[in-house]
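Enquirer: predicted model, plus sequence, below.
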Amino acid sequence: MGFRVVDVLRRVVAAILRKDELGSEQRRLLCSIRDCRTPALGGEVLVCPKCGLEKEVFHSCRNRHCPNCQAQTQDEWIAARSVAMLPVPHFHAVFTLPAHLRMLCKIYPAVMYDLLLRSCGDVLIELGKDTLGAVLGVTVVLHTWTRDLAYHVHAHCIVSAVGWDAQTATFKKLRNGRFLFPQARMKAMFRARVLRGLRGLVQQGVVALPNGVPFSVFEKSLPAKQKWVVHAQAPLGRFEHVLAYLGRYTHRVGISNSRLCDVSDADVTFATRDGKTCTLTHLEFALRFLQHVLPSGLKKIRHYGLYAAGSKQRALALAAIQPSPKPKVNPAAPTVVTPDNAKRPAWRERCCPQCDIPLLVAFHFPRPARAAWRPP
């Protein structure tokens, strides 16, 4: 077994829990990672009905920030979205908040992250209506990290390359299939949406600006609209490629195990970009990881337009698309798990490695009783 992120974090859990500046979500995550897939959470003994193989499986913490608990969630999310998304090309756009607003994001993460996601969705939906006279399908995913785990607030957006015109009941394509919208207009609208929302938060007393400066003065200190970072890439290809690409962004938690190059008694080295690496102490690595913990209850994945929950236009658009011919099924071939024939895919830990069939639960062993938590 290679290096794991949870093993690095577990080495410094006790030391970090003594820090007073930790929030409740960060403390909850540390305790969850410490106990995840250990006897502290209980587990089950699984038995193969064919070969009799026995296997102990401990329960996971199910924390959305835990690196151990995201792979199965990602697979299930991709299976569910494959039914909801349109089988058409999609663009990839990235909206980045300027560095001047990062301090506000750290102090007021819930409202600032919500403002970023809503602004991205509003800009793309409005541009679709103005340019095409149609409604696009947009999915926005919040990210707060770079490859070296630095704090960098931005949003990844997947945008359908066609829109649905409800009046004519037809699809409308962009004039140039290789470009989404004019970048200068996207930057100007993104800046205007963020500043308008931030002004409202300040007027309502939800957000307080640094040193009590007036909003007009703070607005002038922000970069001009030309310097706001908005990037859009060409369509990502086939529909299956879009889902696979999007799945990597939706449930990624800062860093994956595959990027860890070396873990010593004092340091951890991980890959960043272009063959480069970064080496940090265990404590610094854990502190960088913890700054990306999201507030409780915040939805980091938002759907707008055709992809919004309960959208009637999405149902009409899906019905208008000609269904692709179903491939011929070979009776001797193994059954492929899809959203149509399985509500929940069988996870690899619960399959027999020899017979490749689901394991059966022999018996459960509960989690041990734990004393009431007290601050260290």
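Expert: Ah, there it is.

Enquirer: centroid residue for the protein?
Expert: residue 250 (2.7 Å; C-alpha atoms, centre = their mean).

Enquirer: let me know whether that one touches residue 80 as I believe.
Expert: No - look at residue 250 against residue 80 with C-beta atoms under 8 Å: they stay out of range, at 11.1 Å. Glycine gets a C-beta too; all of them are placed from N, C-alpha and C.

Enquirer: now do the strands in the stretch 201-350 of the chain.
Expert: Here the stretch 201-350 of the chain has its strands, by DSSP state E, counting those that start in this stretch, at 230-233, 260-263, 267-271, 277-281, 301-305.

Enquirer: out of the ones you listed, which is closest to residue 36?
Expert: strand 260-263 (17.2 Å; C-beta to C-beta).

Enquirer: pLDDT below threshold where in the stretch 201-350 of the chain?
Expert: 236-239, 249, 312, 314-315, 318-349 (pLDDT under 70).

Enquirer: helix or strand: which one has the closest residue to residue 101 other than its chain neighbours?
Expert: Excluding its sequence neighbours, the residue lying closest to residue 101 (C-beta to C-beta, 6 or more residues apart in numbering) is residue 112, at 7.1 Å. Per DSSP states H and E: residue 112 is located in helix 109-132.

Enquirer: show me what that helix is packed up against.
Expert: With contacts taken as 3 or more C-beta pairs under 8 Å, 6 or more residues apart in numbering; DSSP states H and E, helix 109-132 sits against strand 90-96, helix 102-107, strand 137-145, strand 151-160, strand 162-165, helix 183-203, strand 301-305.

Enquirer: you'd agree residue 46 is in a strand?
Expert: Yes - under DSSP: H, G, I helix; E, B strand; the rest coil, residue 46 falls within a strand.

Enquirer: contacts only, for it.
Expert: Contacts for residue 46 (C-beta atoms under 8 Å, 6 or more residues apart in numbering) come out as 54-57, 350, 359-362.

Enquirer: those residues in strands, which ones?
Expert: 54-57, 360-362 (DSSP state E).

Enquirer: from residue 132, how far off is residue 183?
Expert: Distance, residue 183 to residue 132, by C-beta to C-beta, to the nearest Å: 17 Å.

Enquirer: these two: who's more crowded?
Expert: Using other C-beta atoms under 10 Å as the criterion, residue 183 and residue 132 rank with residue 132 on top: 18 against 14.

Enquirer: beta-bridge partners for the nearest residue to residue 58 once chain neighbours are set aside, please?
Expert: Leaving aside its sequence neighbours, residue 58 sits nearest to residue 43 (C-beta to C-beta, 6+ apart; 3.8 Å). Going by DSSP bridges, residue 43 is paired in beta bridges with residue 58, residue 365.

Enquirer: ok, the ones in strands among the contacts of residue 46 vs residue 152, which is closest?
Expert: Distances from residue 152 to those, taken by C-beta to C-beta, are shortest for residue 57, at 36.6 Å.

Enquirer: which residues touch the closest one?
Expert: Applying C-beta under 8 Å, 6+ apart, we find residue 57 in contact with 43-46, 349-350.
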